[in-house]
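Engineer: Structure, please.
(chains A and B)
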Amino acid sequence: MPGRPVPQVTDATRPYWEAARESRLSLPKCGACGDVFFPPRQKCPACRSDQIAWITASGEAEIVSFSAVHMQPFEGYADHFPYVLAIVRLAEGPQLMTNIVDCDVDALRIGDGVSVCFEARGDGARIPQFRPGRAINSNQNGDVS
Amino acid sequence: MVTLTNSPAIAAAAEIKPGRYPDLSNAQLYLQVIEQLLADWNLKLGDIDGVLAAPLDMATPSPKIFTHEMLAEELGLTPRLGLTMSAGGATYGYMVQYAALAIAAGKAEAVLCVGAGKFAKMSPDVAETLIKSVCDPEFEFPYGPVIAGLYAQYAARYMHEFGVTAQDMAAVSVSSRKWAKLNPAALTYAKPDISVADVLASRMIASPFHYLDCSIPCEGGGAVLVTSGEVARRISAQPAYILGMGEFHGHGYVSRNRNLVDCGAARSGADAFRQAGLAPADIDHVQIYDAFSINPLMFLEDLGFAARGKAAELFHSGRTAPGGDFAVNTYGGLIGYGHGGDASGMSMIVEGALQVMGRADGRQVSADRALVHSYGGMMAEHSTLILGRSA
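Structural biologist: Here you go, the predicted structure:
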């Protein structure tokens, strides 16, 4: 959906968004203490090491909380209502904000399993989104239209 | 108990009526608030030796970071102490706290704390600016957050873990609206009472919040004068002494909070109780920041007034409403009174002070000791004040 916001990338977060362009959910992992963290930082938030490696996440997550939103956040964001704004916890530990897409809103519950998919934004950017159910295979298939 | 020297107190408190002020600039709104404070309490500008101000245009892309200087210049003051302070809704609680600390240290005698603001109508560009001020611009904004939807992350999780229901949240709005009927300044003063069923029947904004679970955006402003006890007793027959103050800064963005049922209010509350040498049972009434109806439930539990999941009983039973023995948000709350833009965090402080001073007119409650809780950001930074009739 080209009208929606495009992420504003910084040096620390560039690998995350570059991976997303290739429909991969990638997470920073500390080379010193092994902590997998989010959002990406120049230094590990647990031990302050700057030896940051990147891993490909499983794409599996669980809904921590969500809201069915019935209003437009800003012009052109949602083309149907409600849309779902959620926080999910990844199997690797970190949690992040997302929409839950391709879902039956009324059937959605906290604790539900969701898996990553990718939504096209402008300029070839893609952003991770999540939808109900497990990934069909482990390479984080699937784009949303 | 940690006693403050010089017995700092709120000596004077005033607000302008919440509403719309299309003919006044934001700067003029500040000056109107100050005029109101001076007039209500017969103060002279020469009495003021400190100015703490919230940044003019706080929630816009260009907040004015020298607002205290602008105000001092405008009023002809050359204060000993002055700062522009910004911590969202917690700004005003922190102003009272830092004014009290300065007075206790002998660095000021009478500190004006002031803020005013507009809560502009939600045109698309305003909505985007506002939302970007409370969410992570890189990792939350791309997902189309609305303010109600961000608060809803806390609310939905709280309901999930503690069995809190939509009826429980609705009971908060019902209680606030009853108080608003006793406050001629409240936006809903002349509106009919509402029931739990009315709240649940109002349109859904962002689940679990219905329209009547939300505070009412408007424009407003308020000011308090924090002075030494000695000065306060010359201004007011009954000052509101500052007995305890607590501050805590947690996660700035909701998705960073690893435990959504703990936003940090318990920490600032415990700090304030410790300083005051008091416990929740010693408090008569509570003024609590209520952007949405979930807030009073979460915070009353965080602050020790009810067990987890049990604060709703205080509302369902009528104890928090007029005639009850545990009054909450006696001015109508931001839900019934109005959410005066950037200055909303002042409303509960002014009301807590007026109650303790015995100046709350037709809504006066037994008010030996008040607890006032406010926060900034997405329930990220907390301020708790405990006020009382004797130092």
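
Engineer: from here on, contacts and neighbour counts on C-alpha atoms
Structural biologist: OK.

Engineer: what about the chain, any weak spots by pLDDT?
Structural biologist: By default, I'm working from chain A. Low-confidence segments of chain A (pLDDT under 70): A:1-2, A:135-145.

Engineer: try chain B instead
Structural biologist: Residues of chain B that meet the cut-off, pLDDT under 70, sit at B:119-125.

Engineer: How about the contacts made by the closest residue to B:Tyr337 other than its chain neighbours?
Structural biologist: Setting aside the residues directly before and after it, B:Tyr337 is nearest to B:Ala186 in space (C-alpha to C-alpha, 6 or more residues apart in numbering or on different chains), at 3.9 Å. Each residue near B:Ala186 by C-alpha atoms under 8 Å, 6 or more residues apart in numbering or on different chains is listed here: B:17-18, B:180, B:331-332, B:336-338.

Engineer: can you check A:Asp50 too?
Structural biologist: Counting by C-alpha under 8 Å, 6+ apart, A:Asp50 touches A:30, A:42-44.

Engineer: How about the residues of chain B by chain A?
Structural biologist: Residues of chain B lying close to chain A (C-alpha under 8 Å from any C-alpha of the partner chain) are B:124-125, B:127-128, B:137-146, B:149, B:152-154, B:156-157, B:160, B:204-208, B:255-256, B:258.

Engineer: Could you tell me which of those residues belong to helices?
Structural biologist: Here DSSP state H is the test, and the residues of chain B next to chain A give B:124-125, B:127-128, B:149, B:152-154, B:156-157, B:160 as lying in helices.

Engineer: Would you format those residues as CSV with neighbour count included?
Structural biologist: Below are those laid out as CSV (neighbours: other C-alpha atoms under 10 Å in any protein chain shown):
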residue, neighbour count
B:Pro124, 14
B:Asp125, 12
B:Ala127, 18
B:Glu128, 18
B:Gly149, 27
B:Ala152, 27
B:Gln153, 24
B:Tyr154, 28
B:Ala156, 25
B:Arg157, 20
B:His160, 17
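
Engineer: In chain A, what residue spans correspond to strands?
Structural biologist: Taking DSSP state E to define them, one finds strands in chain A at A:26-30, A:52-56, A:60-69, A:83-90, A:95-100, A:113-120, A:126-132, A:143-144.

Engineer: tell me what the host helix or strand of B:Ile386 is packed against?
Structural biologist: Assessed by DSSP states H and E, B:Ile386 sits inside strand B:381-388. Counting contacts by 3 or more C-alpha pairs under 8 Å, 6 or more residues apart in numbering or on different chains; DSSP states H and E, strand B:381-388 packs against helix B:91-104, strand B:240-249, helix B:265-276, helix B:344-357, strand B:369-376.

Engineer: Each with direction, which strands does that strand pair with?
Structural biologist: With DSSP bridges as the criterion, the sheet partners recorded for strand B:381-388 are strand B:240-249 (antiparallel), strand B:369-376 (antiparallel).

Engineer: Contacts for that strand, please.
Structural biologist: Here strand B:381-388 has contacts from B:87, B:90, B:93-94, B:97, B:240-252, B:264-265, B:268-269, B:272-273, B:276, B:352-353, B:356, B:367-376, using C-alpha under 8 Å, 6+ apart.

Engineer: Looking at the ones in helices among the residues of chain B next to chain A, which is nearest B:Tyr30?
Structural biologist: The closest of these to B:Tyr30 turns out to be B:Ala127 (C-alpha to C-alpha; 23.2 Å).

Engineer: wait, the closest one sits on A:Pro73?
Structural biologist: Yes - assessed by C-alpha atoms under 8 Å, B:Ala127 is found in contact with A:Pro73 at 6.9 Å.

Engineer: Where does chain A get nearest to chain B, which residue?
Structural biologist: Here the residue of chain A nearest chain B is A:Val69; by C-alpha to the nearest C-alpha that distance is 4.1 Å.

Engineer: What is the burial count for that residue?
Structural biologist: The local packing of A:Val69 (other C-alpha atoms under 10 Å in any protein chain shown) involves 26 other residues.

Engineer: what sits against it?
Structural biologist: By C-alpha under 8 Å, 6+ apart, the neighbours of A:Val69 are A:81-85, B:146, B:149, B:205-207.
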